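1. Pasting a predicted model and its sequence here:
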Amino acid sequence: MLGPLLLSFEVSVLATLLAGIFGIALAGVLSARRFPGSELLDALLNAPLVLPPTVLGYYLLIVLGRETPLGRAYESLTGSSIVFTRTGATCAAALAALPFVARSARAALDSVEARYAEAAATLGAGPLRAFRRVLLPLASRGILAGLTLGFARSLGDFGVTLMVAGNIPGRTQTASLAIYDAIQAGRDTEAGGLAAVLTTIAVLSLYAINKLSPPRAR
């Protein structure tokens with residue numbers, strides 16, 4: 001039971017970092033100004049919220065499979081493929097977490113009054129420096145809440161991970177997949193223990209998010 005939990009934590013931490021990098025950057029772009037295609041980008045960013053996990057996994061396989069440019073480049077550098085590995089599990093969990101991180105980050109950035117960015121520009125700060133030195137610190141609580149939510153989402157992912165990384169005990173079997181296996185094998189005690197751990201983490205994550213959210217947003 002400990003192995004799948006440790007793997008889930010490892011994958012979720014890396015997935016949250018990956019989703020944070022892309023999610024915060026995209027949130028900054030969408031929050032800064034409207035531009036042609038911004039609505040489409042926003043829709044694509046939020047698509048993982050409504051698409052079936054099997055569809056998301058299928059798209060990831062198209063992008064990361066062994067015969068794709070990214071897949072071949074990764075294999076030439078590392079000697080292994082992305083799919084059916086922990087790297088694949090991390091990519092799958094990151095995709096599942098991405099919209100949660102991005103939506104929270106964008107809401108936090110949108111809540112920062114424009115006068116702060118304008119003041120930074122008046123003092124000679126460029127857009128990127130103003131974003132790093134002014135907007136990010138002011139929106140940090142909301143962004144941290146989004147990262148926490150993304151971690152919880154990636155920790156509980158099942159469908160996308162199964163499609164991209166498989167369910168290989170000791171290699172890609174996360175806690176959610178281990179619960180499924182335990183139920184299929186009649187190991188109800190093991191399944192119950194794993195479910196209790198994931199439930200506890202989910203509740204604690206939601207509690208932390210409520211604490212991090214500004215009072216007016218609760």
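-> In hand now; what should we look at?

2. Can you list the buried residues in the worst-scoring helix or strand of the chain on mean pLDDT?
-> Sorted by mean pLDDT, DSSP states H and E, the helices and strands of the chain end with helix 114-122, the least confident at a mean of 75. Of the residues in helix 114-122, A117, A120 count as buried by neighbour count, 16 or more other Cβ atoms under 10 Å. From N, CA and C alone the C-beta is placed, and that goes for glycine too.

3. mind checking how far the longest helix seen in the chain is from the chain centre?
-> Counting residues, the longest helix found in the chain (DSSP state H) is helix 2-32. The chain centre lies 4 Å from the centre of helix 2-32; the measure is Cα atoms, centre = their mean, to the nearest Å.

4. and if you look at stretch 165-179?
-> Here the centre of stretch 165-179 is set off from its chain's centre by 18 Å, with Cα atoms, centre = their mean.

5. Provide the contact partners of it at residue level.
-> When contacts are defined by Cβ atoms under 8 Å, 6 or more residues apart in numbering, stretch 165-179 is touched by residues 1, 3-5, 7-8, 11, 83-86, 88-89, 92, 155-158, 161-162, 180-181, 190-191, 194-195, 197-198.

6. out of these, which are inside strands?
-> Using DSSP state E, no member of the contacts of stretch 165-179 falls in strands.

7. Can you tell me which of the residues you listed are buried?
-> Burial by neighbour count, judged by 16+ other Cβ under 10 Å, picks out 1, 4-5, 7-8, 11, 83-86, 88-89, 92, 155-158, 161-162, 190-191, 194, 197-198 from the contacts of stretch 165-179.

8. taking those residues one by one, which sit in helices?
-> Among the buried ones among the contacts of stretch 165-179, the ones falling in helices (DSSP H) are 4-5, 7-8, 11, 86, 88-89, 92, 155, 161-162, 190-191, 194, 197-198.

9. on that earlier part again, which secondary structure elements does the least confident helix or strand of the chain contact?
-> With contacts taken as 3 or more Cβ pairs under 8 Å, 6 or more residues apart in numbering; DSSP states H and E, helix 114-122 sits against helix 127-130.

10. Report the distance from the following helix or strand past the helix it packs on to the chain centre.
-> Per DSSP states H and E, helix 127-130 leads on to helix 136-138 as the next helix or strand towards the C-terminus. The chain centre lies 20 Å from the centre of helix 136-138; the measure is Cα atoms, centre = their mean.

11. same check, this time on stretch 167-186
-> 21 Å.

12. Flag the shaky bits of this structure, pLDDT-wise.
-> For the chain, the stretches with pLDDT under 70 are 214-218.

13. so what's Y180 up against?
-> Contacts of Y180 (Cβ under 8 Å, 6+ apart): F158, N167.

14. what do you get for F158?
-> F158 is in contact with P53, S176, L177, Y180, counting by Cβ under 8 Å, 6+ apart.

15. Find the nearest non-adjacent residue to I24, please.
-> Once flanking residues are discounted, I24 sits nearest to A105: 4.9 Å by Cβ to Cβ, 6 or more residues apart in numbering.
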